[in-house]
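Colleague: Provided below are the primary sequence and the corresponding predicted coordinates.
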Amino acid sequence: MKARRNQASEEIAKLKKAGQDASAQMAETKQLREQIQEKERAANQLEVRLHEILAGIPNIPHESVPVGKGPRITLRSADGARRQIRISLRAALGLGEAARSA
């Protein structure tokens, strides 16, 4: 489409230089420009949707990555003492066994 639009633009320039009427080519160029813009908008919308879908797919760890026991969080009290705890995101969000059976 863009190549055809460029070709029509060149034809318009030649016709105008020769003093001839180029209104048909100008109308074709305008129509091609509108079609190109419409298709570019559609492509941009599809690209945004694709990125949204891809963002929802988690990364799969490599097979060499060991399975962990859950995230560890280090807490510090006001006196500076440290304490490490393990949390389960599933449990913290209420996604445990009870949520699975529902």
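Modeller: Yes, it's here.
Colleague: domains of the protein?
Modeller: Domain assignment for the chain by automatic domain parsing gives 2-55, 72-101.
Colleague: winner for burial among those domains?
Modeller: domain 2-55 (a mean of 12; mean count of other C-beta atoms under 10 Å). All C-beta atoms are positioned from the backbone trio N, CA, C, and that covers glycine.
Colleague: make sure I have this right: residue 75 is in a strand.
Modeller: Yes. Residue 75 sits within a strand when classified using DSSP: H, G, I helix; E, B strand; the rest coil.
Colleague: quick check: it vs residue 84, distance?
Modeller: Using C-beta to C-beta, to the nearest Å, residue 75 is found at 7 Å from residue 84.
Colleague: overlap of the contact sets of the two?
Modeller: With contacts taken as C-beta atoms under 8 Å, 6 or more residues apart in numbering, residue 75 and residue 84 have no neighbour in common.
Colleague: check which helices and strands the longest helix seen in the chain is in contact with.
Modeller: Longest among the helix segments of the chain by residue count, using DSSP state H, is helix 23-55. Judged by 3 or more C-beta pairs under 8 Å, 6 or more residues apart in numbering; DSSP states H and E, helix 23-55 is in contact with helix 2-17.
Colleague: how about residues contacting the helix it packs on?
Modeller: With C-beta under 8 Å, 6+ apart as the test, helix 2-17 has contacts from 21, 22, 25, 26, 28, 29, 32, 33, 36.
Colleague: can I get those residues in TSV with pLDDT and distance to residue 47?
Modeller: Below are those laid out as TSV (pLDDT from 0 to 100; distance: C-beta to C-beta, whole Å):
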residue	pLDDT	distance to residue 47
21	84	40
22	80	35
25	83	32
26	83	31
28	85	28
29	86	26
32	88	22
33	88	21
36	90	16
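Colleague: dump these into CSV; add distance to residue 7 as well.
Modeller: Listed next are the contacts of helix 2-17 as CSV, based on distance: C-beta to C-beta, whole Å:
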residue, distance to residue 7
21, 18
22, 13
25, 9
26, 13
28, 10
29, 10
32, 10
33, 13
36, 14
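Colleague: tell me which two in the residues you listed are the farthest apart.
Modeller: 21 and 36 (24.3 Å; C-beta to C-beta).
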